[in-house]
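[1] my questions concern the predicted model and sequence given below.
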Amino acid sequence: MTRIECAVATHGNLSMKLLTEQDGRALPVGEVLLSRPPRIALLDPDRIFWSSLMMFGPRLDSPVSTNLVISEDTRSVAEQIWGQPFTVAENEGSAVFSPTQELLPETARVLEVTTRSLSMERRETNDSVLQVLPLDQFNGTLATLFDIAVTTNAVMEARRLHGEGSEALGAIAIASCFTPALQMTHLNLRDDVPVIDFDDRIESTLKQLNLTAGFGQ
């Protein structure tokens, strides 16, 4: 049995864990931490669940339980995509999240995603940029009208779990938390993020979040 556990940890950090149960013990496989997300993040259970699957899905090889109270539709579609049964362990410390603001109408807008630290000064363009910065070098979050900088171990953890060149999985897992509030429907991963081919399962998971992703300059 595999477990996906999510919680708001110390100081408001978001934690997404993958554990495997062996001999009655829950052994850690991986954990993604996102420093206290700004209010613009939309942290509803279904969205966090899909985000965690982009990060941990390729490692799932047995039935999965989760403490996220996801909808029946989400559970059913996840089973079709990832080929494993999913159950909600509501009696084991269920994680309850709710949206921090109302959903805005979707528009065909692009969120630029980078792992570089950039200036957040006012620009002439209306493009929004998400800076996914390493947790061991930066701390906290910062948001302006156009840009967001967050600190997380997601990029490093993706590399550790899936191998060199898999950093994009961590970047899009974090970016998907912010796209609804920003009315974004496409993630453009800049050239500092290694290019990988997303398999059908990742593409299908992105679709559940009303997202597409690609690589650009």
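    Yes, it's here. What you see is a predicted model; the values in this text were computed from it and never measured. Residues are numbered from 1 along each chain as shown.
[2] next one: phi and psi at the most centrally placed residue in the chain?
    The centre of the chain sits closest to residue 173, judged by Cα atoms, centre = their mean, with a distance of 2.5 Å. Backbone torsions for residue 173, taken as degrees, to the nearest 10, come to phi -60, psi -40.
[3] please tell me how far it sits from residue 47.
    Distance, residue 173 to residue 47, using Cβ to Cβ, to the nearest Å: 11 Å. Backbone N, C-alpha and C define where each C-beta goes, glycine included.
[4] can you check residue 208 too?
    9 Å.
[5] neighbour count: those two, which is higher?
    Taking neighbours as other Cβ atoms under 10 Å, residue 208 and residue 47 compare with residue 47 leading, 22 against 18.
[6] let me see the mean pLDDT of stretch 21-29.
    Here stretch 21-29 scores 86 as its mean pLDDT.
[7] between the two ends of it, how far is it?
    10 Å (Cα to Cα, to the nearest Å).
[8] for that stretch, which outside residues touch it?
    1-3, 17-20, 56, 59, 161 (Cβ atoms under 8 Å, 6 or more residues apart in numbering).
[9] which one (most neighbours) among the residues you listed?
    Neighbour counts for the contacts of stretch 21-29 peak at residue 56, which has 27 neighbours (criterion: other Cβ under 10 Å).
[10] so what's it up against?
    Residue 56 neighbours (Cβ under 8 Å, 6+ apart): 4, 16, 18, 29-30, 161.
[11] okay if I get those residues as CSV plus secondary structure?
    CSV is the format used below for the contacts of residue 56 (DSSP: H, G, I helix; E, B strand; the rest coil):
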residue, secondary structure
4, strand
16, strand
18, strand
29, strand
30, strand
161, helix
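[12] count residues in the vicinity of residue 57, would you?
    For residue 57, using other Cβ under 10 Å, the count is 24.
[13] just checking, it touches residue 205?
    Yes: here residue 57 lies in contact with residue 205, judged by Cβ atoms under 8 Å, at a distance of 6.7 Å.
[14] all strands of this protein, in order?
    2-8, 14-22, 25-34, 64-66, 86-88, 110-114, 128-134, 142-143, 147-152, 186-189, 212-215 (DSSP state E).
[15] now these as a markdown table including distance to residue 201?
    Output for the strands of the chain, formatted as a markdown table (distance: least, Cβ to Cβ, whole Å):
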| stretch | distance to residue 201 |
| --- | --- |
| strand 2-8 | 15 |
| strand 14-22 | 15 |
| strand 25-34 | 17 |
| strand 64-66 | 14 |
| strand 86-88 | 14 |
| strand 110-114 | 20 |
| strand 128-134 | 22 |
| strand 142-143 | 31 |
| strand 147-152 | 22 |
| strand 186-189 | 17 |
| strand 212-215 | 13 |
